[in-house]
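Enquirer: Pasting the sequence and the predicted coordinates here, then a few questions.
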Amino acid sequence: MHGSPHIVSDVMTHTVAGIGSGAAFKEIVRMMHDWKVSALPVLEGEGRVVGVVSEADLLAKEEFRDSDPDRYTQLARLADLAKAGAVTAGELMTSPAVTVRADATLAEAARTMAHARVKRLPVVDELGMLEGIVSRGDLLKVFLRGDDEIAEEVRREVVSYLFPAPDSAVRLTVREGVVRLGGRVRDTSLVPVAARLIRAVEGVVDVEFDLTGRSTGSAGAPSGHGESVVPSS
């Protein structure tokens, strides 16, 4: 029923810097500074992504620069200590890289970021070749969508299907991404369905309801008695 959702290729940065696995430590730092990024994909061959090196990977060298960690720290932080002694991207990088395809939905990309606890994802094709980068900020662009545009989609693709006139009379408003439905509906059992569908509309922040449902008699005709339905958001 809904139109096609935005996908990663709609919001990603197409021009992106990458480095080879043999890139030296200071070269990595300079590239991050020049490109104003906090992580870089590490590439092999014609551009296949094999890992990612981030500021966190680089900071281990500064953290342990003038320290002499005790035995417990050495055992507990073997990976960090190894990176503190690393001098190339191949030694510093996190591998394999967590990536996403350009045709993934923004929701899929957001879940991947959350599970991997990363701030950005290299975007790759079916061969693992770098196509771009997508960040948390890119995924949040859908919330820049205007209230009028959201209202039109909710009205067209949810309200008109679930609560068609004249059996229902629904008032729809959207303010700062919060959708509110009020009025009268014939079948209140569809309200949870409406809530789920509306939340799936890109740019929606929350959904609120203040609906009155008409109960029916044994023959299925309206009885004239109303029931207030105000589900929690």
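Expert: Arrived safely.

Enquirer: Please give the element, helix or strand, for G213.
Expert: Using DSSP states H and E, G213 sits within strand 206-216.

Enquirer: what pairs with that strand, and is each one parallel or antiparallel?
Expert: Strand pairing for strand 206-216, using DSSP bridges, gives strand 178-185 (parallel), strand 222-229 (antiparallel).

Enquirer: Check those for me: which has the lowest mean pLDDT.
Expert: For those, mean pLDDT drops lowest on strand 222-229, to a mean of 44.

Enquirer: In a strand, G22, correct?
Expert: No. Judged by DSSP: H, G, I helix; E, B strand; the rest coil, G22 forms no part of a strand; its state is coil.

Enquirer: residues near it, how many?
Expert: 12 (other CB atoms under 10 Å). Where you see a C-beta, it was placed from the backbone N, CA and C, and this is true even at glycine.

Enquirer: repeat for I28
Expert: The burial count for I28: 23, using other CB under 10 Å.

Enquirer: Could you check the strand holding G213 and say which residues are buried?
Expert: Buried residues in strand 206-216, counting neighbours by 16 or more other CB atoms under 10 Å, are found at 207-209, 211, 213-214.

Enquirer: Below-threshold pLDDT in this structure: ranges please.
Expert: Low-confidence segments of the chain (pLDDT under 70): 1-5, 62-84, 214-233.

Enquirer: quick one, helices of it?
Expert: 8-11, 25-35, 55-63, 71-76, 78-84, 89-92, 106-116, 136-139, 147-154, 160-162, 191-199 (DSSP state H).

Enquirer: and these as CSV, adding distance to E176?
Expert: Formatted as CSV, the helices of the chain follow (distance: least, CB to CB, whole Å):
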stretch, distance to E176
helix 8-11, 21
helix 25-35, 34
helix 55-63, 34
helix 71-76, 46
helix 78-84, 43
helix 89-92, 43
helix 106-116, 20
helix 136-139, 19
helix 147-154, 7
helix 160-162, 24
helix 191-199, 15
